[in-house]
Every structure is written in structure tokens, then in C-alpha cells.
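In: Following is a predicted model, sequence given first.
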Amino acid sequence: MSTRPSHPTLADQFGALTFTGDVMLKRLPADVLQKLQKTIRLGSPLDPAIANTVALAMKEWANEHGASHYCHWFQPLTGGTAEKHDAFLSPDGDGGAISAFSGDALIVGEPDASSFPSGGVRDTYEARGYTAWDATSPAFILRSGETSTLCIPCAFVSYHGEALDLKTPLLRSMEAINEQAMRILRIFGTDRGVSQVTTTLGSEQEFFLVDREFFQTRPDLQICGRTLIGSPPPKGHQLADHYFGSIPPRVLSFMADVESQLVELGVPVRTRHNEVAPGQYEIAPVFETSNIASDHQMLTMHVLEKTAERHGFVCLLHEKPFAGVNGSGKHNNWSMCTDTGVNLLDPQDETHTNMQFLVFLVAVIRAIDLHGDLLRASIASAGNDHRLGANEAPPAIISIFLGDMLSDILDQLESGSPRSTKKGGALNLGARTLPSIPRHAGDRNRTSPFAFTGNKFEFRAVGGSAAVAWPNTVLNTIVADSLDYVAGELESRAGSNPTPKKLEAAVRALLKQLVHTHRRVVFDGDNYASAWHAEAEKRGLPHLRTTADAIPAFRSRAATDLFVKRGVLSDLELKLRVEVLFEHFNNIVEIEARTLSQMVRTLVIPAALRFQAELAETAAATMAAGIACPDTESELRTVVELITELRARTTEVEKHAATAQKDAARTAIHHRDRTRPAMEQVRRGCDVLEQMLPADTWPLPTYAEMLFQR
């Protein structure tokens with residue numbers, strides 16, 4: 001295990017294991033540093049001439065931190081990360097080897113591309129793929145026990161150049177939004193000194209911790225990451241005593257360890273607390289550029305899972321590890337910011353006069369209204385199907401919450417020109433010792449999937465195990481397309497070099513039109529209410545309840561045109577992603593079905609048969625003594641019936657899981673309509689038996705044990 005201070009401070013530890021900031025300043029010549037920073041900060045093409053110098057500095061720095069190997073660290077379409085380790089060695093020409101790391105090795109790698117998901121684009125015999133250094137995301141040193149490895153964030157493409165990863169489309173989408181946002185700034189004359197607009201991201205991470213000894217005796221947790229059977233405990237989160245409660249000492253030690261490692265890796269974690277469900281917790285970072293934030297989110301999940309092992313825990317990132325208990329999301333806080341530090345979604349004090357903000361706001365509203373189906377599909381997964389629409393997550397209807405102040409301004413825009421901005425005022429708490437609290441002009445809405453929260457949008461529907469790059473790629477793409485439309489309309493209506501008065505008139509007229517057309521997607525009420533679901537249907541908003549319903553949105557001609565036009569994905573790249581999404585969903589369901597069958601046949605039914613034998617023996621002995629025992633006989637009949645039905649239901653699950661359909665999409669529908677409902681029937685039977693069997697006979701750790709023992 002690597003040694004580090006017990007209580008590191010942000011000042012002396014932040015970024016200690018990242019090749020950035022002071023590290024680059026000390027190790028790179030001024031001209032090389034300037035060229036590299038131009039790529040990092042402005043998105044300029046990387047100058048190949050500096051690669052050897054940067055590579056040498058990286059190698060020396062990594063060696064000093066104990067790293068003997070490096071890897072190109074990338075995000076294939078598995079939803080995780082991938083790495084192939086190479087030593088810092090090159091042949092010396094005399095049969096030996098020397099320590100070396102060239103610029104070519106830094107910039108380009110060649111991993112095997114045949115075994116990663118490709119949606120049929122690559123056959124098994126077509127093995128060549130390429131990784132390309134993403135200089136905008138800092139290289140870092142990852143420690144595992146006594147081993148340290150230099151990790152170089154990279155893109156991953158096929159031999160023919162198709163993106164087979166999550167990073168490449170994300171970077172393209174960021175360029176698309178930069179191009180269109182800069183057009184808006186030029187129209188308003190606020191582009192002076194601005195070189196680019198980037199999207200920013202802060203992803204809150206919810207997770208569960210269970211004791212490792214419980215995990216090791218639950219095949220469903222080990223294989224599937226969630227419990228496939230299990231009766232809810234008598235106490236869940238009804239008392240709301242876990243939420244923001246005192247963090248248990250063992251958990252706090254784990255969290256402090258996680259934070260220490262993340263700070264070293266340059267991940268700016270800020271918040272930790274107990275979540276709503278027992279055994280559930282959350283950490284959250286501060287905002288970063290979307291590309292870096294996406295990489296850091298993958299690192300965060302890695303560190304959470306690895307560190308849990310050291311503390312005797314297992315970290316569960318699955319969206320719904322426990323049925324009937326709140327699941328885990330990854331609230332995706334998204335905004336747009338100039339490289340001069342201006343947040344383009346900051347409404348400022350007199351919002352009704354801030355025409356530029358209102359243009360960006362309404363452009364986002366238009367994007368969500370036109371492409372809510374794509375945004376919903378971007379967070380579709382087998383795990384998220386169990387979470388969306390429950391009491392801890394928004395429903396599958398994509399809508400926008402704006403709050404009182406912004407909704408009032410939309411009213412004003414739609415009826416004419418805005419004339420005022422609602423103020424929040426202050427709260428007097430009634431005790432002289434307590435301060436007056438400035439109240440925001442709008443409340444928050446935790447049931448909304450896409451909520452404005454002061455100076456950003458919080459996309460709350462992203463799942464706990466998701467890689468955030470894909471939903472942010474989709475979000476960036478649809479907003480870039482909407483900004484393009486808005487910029488084109490303003491340029492047409494106001495003309496070149498418009499006077500302030502003419503520009504204001506054009507902006508107000510366009511905003512009025514767009515609000516009237518796209519306001520249907522705005523809803524500030526209770527998203528759980530059945531009345532809203534009926535109202536959303538009347539408004540024409542899509543309600544794509546499951547992954548099988550949602551993924552086909554990416555197959556539409558409009559979706560293809562959108563991604564191709566914005567330069568984010570080619571027709572082929574989008575098609576392969578659709579196939580990968582369907583295949584992943586189907587594989588997950590089939591693995592879960594087989595795991596459930598195995599657990600029922602090897603654990604649950606044998607335990608139930610032992611209990612049945614005990615009941616039969618008890619009933620026989622009691623009746624032999626001349627004593628009637630109707631209750632025992634009734635319980636025995638119930639157990640026999642449950643076992644018989646459970647066997648039949650399990651056979652049905654096995655049959656549905658093995659049924660082949662013509663294509664992946666039809667298979668997904670089959671699993672939605674047949675396999676999963678059959679699995680739920682099996683689960684209900686198992687849960688009834690769990691409540692009947694003696695504690696020493698039931699073969700699995702219970703929810704109460706896993707959720708409450710710390």
C-alpha cells in the first residue's frame with residue numbers, strides 16, 4: 001500500500017499525482033509549455049513537434065512517483081474504462097533494452113479493438129484499433145498497492161476511424177456547442193476576449209456500502225450488482241433519520257480515504273453525506289470542463305470501488321441494488337461557460353433585462369422540447385429501468401423545471417416584453433440570535449428530470465453506474481443544434497451590425513415565438529402525479545418507460561441528421577451505438593435471469609425443502625400424539641404450493657431468457673414483456689418464502705443485515 005499523510009490538505013495534496021499545473025511549469029521548457037497549454041485551454045491542434053519533450057518529462061515525473069509502466073486510459077462502449085500497460089522500455093539495438101518513452105508512444109497507441117463492443121462494425125478477425133492522446137485531460141498516476149502506473153487519457157477509434165469510445169463524441173459535441181455559442185456572443189457583442197465556450201459539469205455520485213462478508217454470500221450482488229431476491233426490511237427510510245445523519249465512523253474513514261486519493265488525482269471532491277436510504281451515501285465534486293469531469297467521474301467510481309475493499313466494504317453503484325429501497329443516481333449539473341469565466345446560464349439580478357441569458361435559456365428549452373426522446377434514451381439502461389419513476393428518481397417523461405422567477409419571466413415574454421424580475425426576499429426565522437436568510441426567487445424540484453438550479457441545469461435522471469460522457473454528448477449536441485437555429489434567426493431578423501434597439505426587438509420577437517412554441521416541456525409541479533402524466537400525454541411529450549422503448553429514438557432519420565450535421569457522430573457511428581445499447585441491455589437481463597435461476601434452484605428451493613421436511617415431521621409427530629395441528633398443516637400446504645409454483649416460474653424464466661429473436665431490438669422487447677415480468681413473479685415467491693423460513697434456514701443475508709450493519 002502506498003504511503004501518504006493521514007490527513008492531507010487540499011493545499012499540499014491537490015493534483016499531486018496529475019501532470020498539470022506546477023508539475024508542467026517545472027518540467028517543460030517555456031515554449032513547449034506554451035504550445036501545450038494552447039491545446040489544453042483553447043482546444044488548438046496539438047503540435048507534434050513537442051511530443052518527445054512532453055513524453056520525456058512525463059516519464060521522468062512518473063518514474064519519480066514509482067511508475068515503471070504507462071497505459072493509454074480510454075472509455076470503450078462497455079461503460080467502464082480500459083487500459084493496457086506497457087513498460088518504459090525500448091530495444092537498445094544490442095539485444096537489451098533502455099528506459100524510454102517517445103512522443104509517438106505518448107500520442108498514439110494500438111490496442112486490440114476486436115473484443116470491445118462495436119455494434120457489428122468490427123469482426124473478431126479485425127483486431128486493429130488506435131488510441132489518441134487527449135491533451136486536454138491531465139495524465140495521472142494510478143496506484144494499486146505497491147504498483148503505480150502512468151495513465152494517459154485517450155480517445156479510441158477503429159482501424160477505419162469510427163469512434164468506439166465515449167470520449168471522442170463528447171469532445172466533438174463540445175466543439176459543436178462552442179461554435180454555436182460563440183455565434184450568439186458575437187451577435188450580442190460580448191465575445192471580446194472570449195476564445196471559446198465550454199460546457200461544465202459536476203456529477204454527484206450516490207452509492208451503497210455493504211459489508212464484504214455479506215456480499216460474498218450473495219451471488220446476485222457478485223454477478224449482477226443488485227439483489228434479485230430479497231424481502232424489504234421492516235424499517236427503510238420512513239423516519240428520514242439516515243438522510244444527512246451522522247456518518248458512521250467506519251464509513252467516514254472510508255470516505256476520508258476516498259477523498260484523499262481523489263484529491264491526489266486532481267478530482268475536486270467537495271461534499272459527502274448520508275443519502276436517504278439506509279446504507280446509501282453521496283459524494284460530489286465542484287464543476288469542471290465536461291471532458292475532464294467525465295474522466296474524473298470514471299476515476300471516482302474506480303476509487304470508490306477499490307477503496308471499499310480496504311475498509312471491508314463493497315461499493316454498489318447499481319441504480320437499484322435493493323428493491324423497495326431508494327436507488328442511486330448521478331445528478332448531472334450542466335452549464336456553459338466562457339474561457340473568461342462567464343457562466344452563460346447565470347440569470348443575474350435583473351433577469352428580465354438580461355437578453356443574452358434569456359436567449360441561451362430558451363435555446364435550451366427548445367432543445368429539450370424537440371429532442372427529449374434522445375435525452376431520455378441517453379440515460380436508458382437495464383439498471384435505470386428499475387429506478388426511474390420511483391420515489392427517489394424522476395419519471396421517464398423529460399420535462400424542465402424553471403421555478404417561480406423564470407416561469408414568471410416566460411409569462412412576460414409570451415405576453416409581450418418582460419418588465420420585472422421576481423425577488424425571493426428574506427426569511428425572518430423569529431429568533432434574534434438567528435440571521436435573516438436571503439431566499440432564492442424559486443424553489444427546487446427533486447421530481448423533475450431536468451431542473452434549473454440557480455445557474456445551471458441539473459439532469460437528475462442519469463443512473464448511478466452510468467458513464468456521464470454519453471448523456472452529456474447528447475445534451476451538448478441537441479443544445480448546439482438549437483443555438484444554431486437561434487443564431488440563424490437572430491442574424492436574419494436583426495441583420496449585420498444591428499443597432500441595440502433593432503437587436504433587442506429581434507430578440508424579444510424571437511423569444512416570444514419560441515416560448516409559445518416550446519413551453520409545453522416546462523412543468524414546475526409534481527412529476528410523480530398521475531395528473532401530470534396525463535397532461536404530458538396531452539402536450540405530446542414522449543413517455544418512454546423502458547430501455548426497450550427509449551433506444552429506438554436514436555434510429556430516427558431526425559436523430560441521424562442531427563448527429564451528422566453537428567459532426568458528433570457519423571451515420572455508422574450512431575448505428576453501432578444503438579446496437580451496442582440493445583446488446584448490453586439484453587446481456588444484462590439474460591445474465592440476471594440465469595443468476596436468478598441458479599439461486600432459486602441451488603439455494604432457495606433446497607432451504608424451503610428443509611423447512612418443508614421440518615414442518616412435515618412436526619405435523620406427523622403432533623398428530624401421532626393425538627393432537628390436532630391445523631395451523632402447521634396449513635403452513636405445510638402453503639410451503640409445498642410455493643415450492644411447486646416457484647419451480648414452474650423458474651422454468652418459465654429460463655425459457656424466456658433463452659428465447660432468440662430476429663434482432664437485438666426485438667429481443668429487448670421480448671425481455672421487457674416476458675423475461676422481466678417472469679423474474680418478478682419468481683422474486684415474489686422467494687420473498688414470501690424468506691418471510692416464512694426460520695432465520696437459520698434462509699440461505700442468504702437479509703436486507704436488514706446488509707443495510708443496517710456497519
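Out: Okay, I see it. Keep in mind that this is a model prediction, so the values were computed, not measured.

In: Show me the contact partners of stretch 605-615.
Out: 632, 635-636, 639-640, 642-643, 646-647, 689, 692-694, 697-699 (CB atoms under 8 Å, 6 or more residues apart in numbering). Placement of C-beta: from N, CA and C, glycine included.

In: can you rerun that using 10 Å?
Out: 599-600, 629, 632-633, 635-640, 642-643, 646-647, 650, 685-686, 689-690, 692-694, 697-700 (CB atoms under 10 Å, 6 or more residues apart in numbering).

In: Now the buried members of these.
Out: Neighbour counting over the contacts of stretch 605-615 (16 or more other CB atoms under 10 Å) leaves 599-600, 629, 632-633, 635-636, 639, 642-643, 646, 650, 685-686, 689-690, 692-693, 698, 700 as the buried ones.

In: So which of these belong to strands?
Out: The members of these all map outside strands under DSSP state E.

In: All the helices of the stretch 351-500 of the chain, residue numbers only.
Out: Assigned helices in the stretch 351-500 of the chain, in chain order: 355-377, 382-385, 404-415, 469-494, 500-518 (criterion: DSSP state H, counting those that start in this stretch).

In: Tell me which of those sits nearest to A284.
Out: helix 469-494 (16.3 Å; CB to CB).

In: quick check: angle from the closest one to helix 355-377?
Out: 140 degrees (axes from the mean of the first three to the mean of the last three CA atoms, to 10 degrees).

In: buried stuff in helix 469-494?
Out: Going by 16+ other CB under 10 Å, helix 469-494 has these buried residues: 469-487, 489-490, 494.

In: mind checking how far it is from the chain centre?
Out: Centre-to-centre, helix 469-494 and its host chain are 23 Å apart (CA atoms, centre = their mean, to the nearest Å).

In: So for it, mean pLDDT?
Out: Here helix 469-494 scores 97 as its mean pLDDT.

In: burial measure for the nearest residue to F188 once chain neighbours are set aside, as a count.
Out: Spatially, and ignoring its direct neighbours in sequence, F188 is nearest to Q356 (4.8 Å; CB to CB, 6 or more residues apart in numbering). When neighbours are counted by other CB atoms under 10 Å, Q356 registers 17.

In: how much space between Q356 and E641?
Out: Q356 sits 69 Å away from E641, going by CB to CB, to the nearest Å.

In: Quick one: end-to-end distance for stretch 189-200.
Out: 23 Å (CA to CA, to the nearest Å).

In: buried stuff in that stretch?
Out: D191, V194, Q196, V197, T198, T199, T200.

In: Same question for stretch 565-582.
Out: Neighbour-count burial for stretch 565-582, counted by 16+ other CB under 10 Å, picks out 566, 568-569, 573-582.

In: Please compute how far that stretch lies from its chain's middle.
Out: From the chain centre to the centre of stretch 565-582 is a distance of 19 Å (CA atoms, centre = their mean).

In: Distance of the residue of the chain positioned farthest from its centre relative to E573?
Out: Distance from the C-alpha centroid of the chain peaks at G626, with 64.5 Å (CA atoms, centre = their mean). For G626, the distance to E573 equals 79 Å [CB to CB].

In: Give the residue spans of the stretch 551-700 of the chain that score low on pLDDT.
Out: Within the stretch 551-700 of the chain, no range satisfies pLDDT under 70.

In: Great, nothing more from me.
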